[in-house]
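Trainee: Sequence first, then the predicted structure:
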Amino acid sequence: MLSTHSVALPDYGDALTKSFLIFEAQRSGMLPQSQRVKWRQDSSLRDGFQAHVDLVGGYYSGGDNLKSSIEMAY
């Protein structure tokens, strides 16, 4: 007897798009106009200023592997 149940195939394109959004949301410094995460704004623009070191830019991380675990959980 044939089964009438359908199996949803993984949408890898959607998973990849969402993983890029995670990294965009973690950006620090001056953000480009093309930033898709609209609630994020420029941040930490004076990091290292008192020590005369330019530390502006990069990515935030809570140190808990959040970025890896969310992409892998899809």
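Mentor: Nice, I can see it.
Trainee: The longest helix anywhere in the chain packs against which elements?
Mentor: Counting residues, the longest helix found in the chain (DSSP state H) is helix 12-25. Applying 3 or more C-beta pairs under 8 Å, 6 or more residues apart in numbering; DSSP states H and E, one finds that helix 12-25 contacts helix 66-73. C-beta coordinates here come from the backbone N, C-alpha and C atoms, glycine included.
Trainee: What's the mean pLDDT across the helix it packs on?
Mentor: In this model, helix 66-73 has a mean pLDDT of 49.
Trainee: Same question for stretch 42-59.
Mentor: 87.
Trainee: Kindly export that stretch (C-alpha atoms) in PDB.
Mentor: Extracted in PDB, the C-alpha atoms of stretch 42-59 (Å, rounded to 0.1, in the frame of the first residue of the first chain):
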ATOM      1  CA  ASP A  42      26.000  51.800  14.400                       C
ATOM      2  CA  SER A  43      27.600  50.800  17.600                       C
ATOM      3  CA  SER A  44      30.800  51.000  19.600                       C
ATOM      4  CA  LEU A  45      32.200  53.800  17.500                       C
ATOM      5  CA  ARG A  46      34.700  54.900  20.100                       C
ATOM      6  CA  ASP A  47      36.100  51.500  21.200                       C
ATOM      7  CA  GLY A  48      39.800  51.900  22.000                       C
ATOM      8  CA  PHE A  49      39.700  55.700  21.800                       C
ATOM      9  CA  GLN A  50      41.200  56.400  25.200                       C
ATOM     10  CA  ALA A  51      44.100  54.000  24.500                       C
ATOM     11  CA  HIS A  52      44.600  55.500  21.000                       C
ATOM     12  CA  VAL A  53      43.800  52.200  19.400                       C
ATOM     13  CA  ASP A  54      41.200  51.700  16.700                       C
ATOM     14  CA  LEU A  55      39.000  48.800  17.800                       C
ATOM     15  CA  VAL A  56      35.900  49.900  15.800                       C
ATOM     16  CA  GLY A  57      34.200  47.200  13.700                       C
ATOM     17  CA  GLY A  58      34.100  43.400  13.900                       C
ATOM     18  CA  TYR A  59      31.400  41.200  15.300                       C
END
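Trainee: Correct me if wrong: residue 25 contacts residue 41.
Mentor: No. In this structure, residue 25 is not within contact of residue 41 by C-beta atoms under 8 Å, at 11.5 Å.
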